[in-house]
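K.L.:
turn this into a structure:
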Amino acid sequence: MSGLKRFFGSREAFTAHFVQERASIRSLLATCDPAQRSEQVLIPRLRGLEDSSRFWSVWMTLEHLRITNSVFATVITSLAHGRVPSKTASTADVKPRTDLTVEVEAAFEASCDAVLSAVAAVPDLKTTALYAHPWFGPLNAAGWHALTATHMRIHRQQMARIIASLPAR
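P.N.:
Next up, the predicted model:
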């Protein structure tokens, strides 16, 4: 995500985009046969998607979003209180498991609620405290908030490709 997009975007716009992506993911999930949600599919590389993420299932994608949304909520809250997380952010720490069940769907929803609650609880997201993202470098809470919707969009696109690639039943 470009610095200009982060700079000129607003809290309201980023939140609305996040909510819209969440709704799109819900709609997309409804189109997928529950019996196929755990099937891993190799998809072509998407812009913004690591090569190691190309062989995932729908549930693995939701698990990744659950993990990252939880991290985003924690980071936003920490930065708002002037605390920088001590652990370095790593893409390796947000890889999903493969042994997932339908429970990941509710966990994803709860993680989305956590992001929205964290953002709503912070009066000013333009914190002086910064925490480095593995790709984008140091970001304040507003930068992490801006990232949430863009991240969801990338993985919604991934999920759409996975579902389109599943064998017909």
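K.L.:
residues near residue 163, how many?
P.N.:
Counted with other Cβ atoms under 10 Å, the neighbours of residue 163 add up to 19. Where you see a C-beta, it was placed from the backbone N, CA and C, and this is true even at glycine.
K.L.:
does it really touch residue 58, like I thought?
P.N.:
Yes. Assessed by Cβ atoms under 8 Å, residue 163 is found in contact with residue 58 at 6.6 Å.
K.L.:
any residues in contact with both of these two?
P.N.:
Common contacts of residue 163 and residue 58, defined by Cβ atoms under 8 Å, 6 or more residues apart in numbering, comprise residue 32.
K.L.:
what helices or strands is the longest helix along the chain leaning on?
P.N.:
When the chain is parsed with DSSP state H, its longest helix is helix 141-165. Judged by 3 or more Cβ pairs under 8 Å, 6 or more residues apart in numbering; DSSP states H and E, helix 141-165 is in contact with helix 3-8, helix 11-30, strand 41-42, helix 58-80, strand 131-133.
K.L.:
if you set the cut-off to 6 Å instead, what comes out?
P.N.:
Secondary structure elements in contact with helix 141-165, counted by 3 or more Cβ pairs under 6 Å, 6 or more residues apart in numbering; DSSP states H and E, are helix 11-30, helix 58-80.
K.L.:
who touches the last one?
P.N.:
The reference is to helix 58-80. Under the contact criterion Cβ atoms under 6 Å, 6 or more residues apart in numbering, helix 58-80 has outside partners 32, 37-38, 85, 94, 96, 100, 104, 107-108, 111-112, 114-115, 118, 122, 127, 129, 131, 141, 144, 148, 155, 158-159, 162.
K.L.:
restrict that helix to CA atoms and write it as CSV.
P.N.:
As requested, the backbone C-alpha atoms of helix 58-80 are provided in CSV (Å, rounded to 0.1, in the frame of the first residue of the first chain):
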residue,chain,number,x,y,z
VAL,A,58,-10.5,-21.5,1.6
TRP,A,59,-10.2,-22.3,5.3
MET,A,60,-6.5,-21.8,5.3
THR,A,61,-7.1,-18.3,3.8
LEU,A,62,-9.6,-17.6,6.5
GLU,A,63,-7.2,-18.8,9.2
HIS,A,64,-4.5,-16.5,7.8
LEU,A,65,-6.9,-13.6,8.0
ARG,A,66,-7.9,-14.6,11.5
ILE,A,67,-4.3,-14.6,12.6
THR,A,68,-3.4,-11.3,10.9
ASN,A,69,-6.5,-9.5,12.0
SER,A,70,-5.7,-10.5,15.6
VAL,A,71,-2.2,-9.1,15.1
PHE,A,72,-3.6,-5.9,13.5
ALA,A,73,-6.0,-5.4,16.5
THR,A,74,-3.2,-6.0,19.0
VAL,A,75,-0.7,-3.7,17.2
ILE,A,76,-3.2,-0.9,16.8
THR,A,77,-4.1,-1.1,20.5
SER,A,78,-0.5,-1.2,21.6
LEU,A,79,0.6,1.7,19.4
ALA,A,80,-2.4,3.7,20.7
